[in-house]
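Novice: Mind folding the following:
(4 chains)
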There are 2 protein chains.
Amino acid sequence: MGQVQADDAQAYLSDEQIRQGIEAMFFAYRGFTADPDRILATMAYGRAHHRAIHFIARSPGTTVNNLLGILGVTKQSLNRVLRTLVEDGLVESTVGQIDKRERNLRLTEDGARLEQQLSDAQRARVRAAYNTAGPDAVAGFRKVLEAMMEPDLRRKYNAIREHDQ
Amino acid sequence: MGQVQADDAQAYLSDEQIRQGIEAMFFAYRGFTADPDRILATMAYGRAHHRAIHFIARSPGTTVNNLLGILGVTKQSLNRVLRTLVEDGLVESTVGQIDKRERNLRLTEDGARLEQQLSDAQRARVRAAYNTAGPDAVAGFRKVLEAMMEPDLRRKYNAIREHDQ
DNA sequence: TTGGAATGTCAACAAAGCTGACATAAACTG
DNA sequence: CAGTTTATGTCAGCTTTGTTGACATTCCAA
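Specialist: Numbering: from 1, shown residues only, chains lettered A, B, ... in the order given. Now for the predicted structure:
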């Protein structure tokens, strides 16, 4: 339980405590992706499709390049995913109005429906964890995660958050 | 900053807050694996090798079956990883004393050296995040992660922790 | 008009998952 | 003891998702 708050002020920095945190991250991430993975397994899609759908939903009209920066994969890898999503009518890619080299990506109605299904599942898990842990724990959770990000990703993370309220 | 601790007692459960937590998990996990990944990229190993090495180091003498349960992959997949590690002299596989069907896995000196190198890098990242966020945040971080795990993995996570102090 | 940026696409390949089938040895069970 | 189950390993083939490298197109900007 409260092993983290040991009497010794330095105890939470022991190698052993850090190691436990590393393992907690590993096991929790499995739970974090388990529900959407189960849904996706029934279709011809995987986690890469989920990620693309998530961030397109989050920033409608985003460009391919912007998405590349967020997802941290090559354009070839992302393109394969986007192509299937466009072919299957879940994502719509329109030529940019200002810069016609760019493509603006948006979910179609079908795409939004799948996004909803996936994020409902994932949110239910996170919501349950938040409820179990309580609001103070959630604040700490977010604080540690933010500190763990690479600086450029933290910037992108904050940019997305500022974007919508 | 303190968006999570809103005045409204329910605010931390809004879809928007949950969504931010989901994105924080995604971005933070990238940071979490970035340093070992960089080291592994210079060798012929990947994240799968790191995971195997980590848990063998954590539970010396563990069996293949136990490792399968922790890692959640197929024996074929794990076997491919273990075979290369044994061939390269990083892991030693010995026939079980009580049950001769089992193989007991241990790191060799070389294996322990690599494990040290990888976990030093990963621990430095987590330690820095812990230092930035502070001990209370760390406690909450751990609490939420535990609540997020699948029940059977939470059991395994706790079993590993109890094992060593 | 020329250079560079954004995008798309082809080809080849690698890591790491998966299923299915089968072999072997050891342990367990009736 | 015979038969079954368990633990492990291995072969073959497939999938997803990542990678490089090369090249074409479009089009903005100097």
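Novice: all contacts plus neighbour counts: C-alpha atoms, from now on.
Specialist: Fine.
Novice: Was I right to think residue A:109 contacts residue A:92?
Specialist: No - between residue A:109 and residue A:92 there is no contact under Cα atoms under 8 Å: 9.9 Å.
Novice: Comparing these two, which shows the higher neighbour count?
Specialist: Neighbour comparison, residue A:109 and residue A:92: the larger count goes to residue A:92, with 20 against 13 (by other Cα atoms under 10 Å in any protein chain shown).
Novice: gap between that one and residue B:69?
Specialist: With distances taken as Cα to Cα, to the nearest Å, residue A:92 is found 41 Å from residue B:69.
Novice: Just confirm yes or no for the strand or helix carrying residue A:33 near DNA strand C.
Specialist: Assigned by DSSP states H and E, residue A:33 belongs to helix A:15-41. No - residues of helix A:15-41 are not located near DNA strand C by Cα under 7 Å from any atom of the strand, the shortest gap being 10.3 Å.
Novice: Next secondary structure element downstream of that helix?
Specialist: Next along from helix A:15-41, by DSSP H and E: helix A:47-58.
Novice: Tell me the first helix or strand C-terminal of that following helix.
Specialist: With DSSP H and E, the next secondary element past helix A:47-58 is strand A:62-63.
Novice: Give me the helices and strands touching that next one, please.
Specialist: strand A:103-107 (3 or more Cα pairs under 8 Å, 6 or more residues apart in numbering or on different chains; DSSP states H and E).
Novice: Mind exporting the C-alpha coordinates of the strand it packs on to CSV?
Specialist: Taking C-alpha atoms only, strand A:103-107 is exported to CSV below (Å, rounded to 0.1, in the frame of the first residue of the first chain):
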residue,chain,number,x,y,z
ARG,A,103,-4.2,16.7,-46.7
ASN,A,104,-6.7,17.5,-44.0
LEU,A,105,-7.9,14.4,-42.2
ARG,A,106,-11.3,14.0,-40.6
LEU,A,107,-13.4,11.0,-39.4
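Novice: quick one: stretch A:110-126 near DNA strand D?
Specialist: No - using Cα under 7 Å from any atom of the strand, stretch A:110-126 stays clear of DNA strand D, with a minimum separation of 13.5 Å.
Novice: For that stretch, buried residues please.
Specialist: By neighbour count with 16 or more other Cα atoms under 10 Å in any protein chain shown, stretch A:110-126 contains the buried residues A:111, A:112, A:114, A:115, A:118, A:119, A:121, A:122, A:123, A:125, A:126.
Novice: Closest one of the residues you listed to residue B:15?
Specialist: The nearest member of those to residue B:15, counting by Cα to Cα, is residue A:123 at 7.5 Å.
Novice: distance of the closest one from residue A:88?
Specialist: Taking Cα to Cα, one finds residue A:123 at 25 Å from residue A:88.
Novice: so who does residue A:133 touch?
Specialist: Counting by Cα atoms under 8 Å, 6 or more residues apart in numbering or on different chains, residue A:133 makes contact with B:140, B:143, B:144, B:147.
Novice: how about low-confidence regions in chain A?
Specialist: Along chain A, segments meeting pLDDT under 70 span A:1-12, A:163-165.
Novice: who's in contact with the residue sitting nearest the centre point of chain A?
Specialist: Closest to where the C-alpha atoms of chain A average out (Cα atoms, centre = their mean) is residue A:51, at 6.3 Å. Counting by Cα under 8 Å, 6+ apart, residue A:51 touches residue A:71.
Novice: Helix, strand, or coil at residue A:94?
Specialist: strand (DSSP: H, G, I helix; E, B strand; the rest coil).
Novice: For it, which residues count as its bridge partners?
Specialist: Beta bridges link residue A:94 to residue A:104, judged by DSSP bridges.
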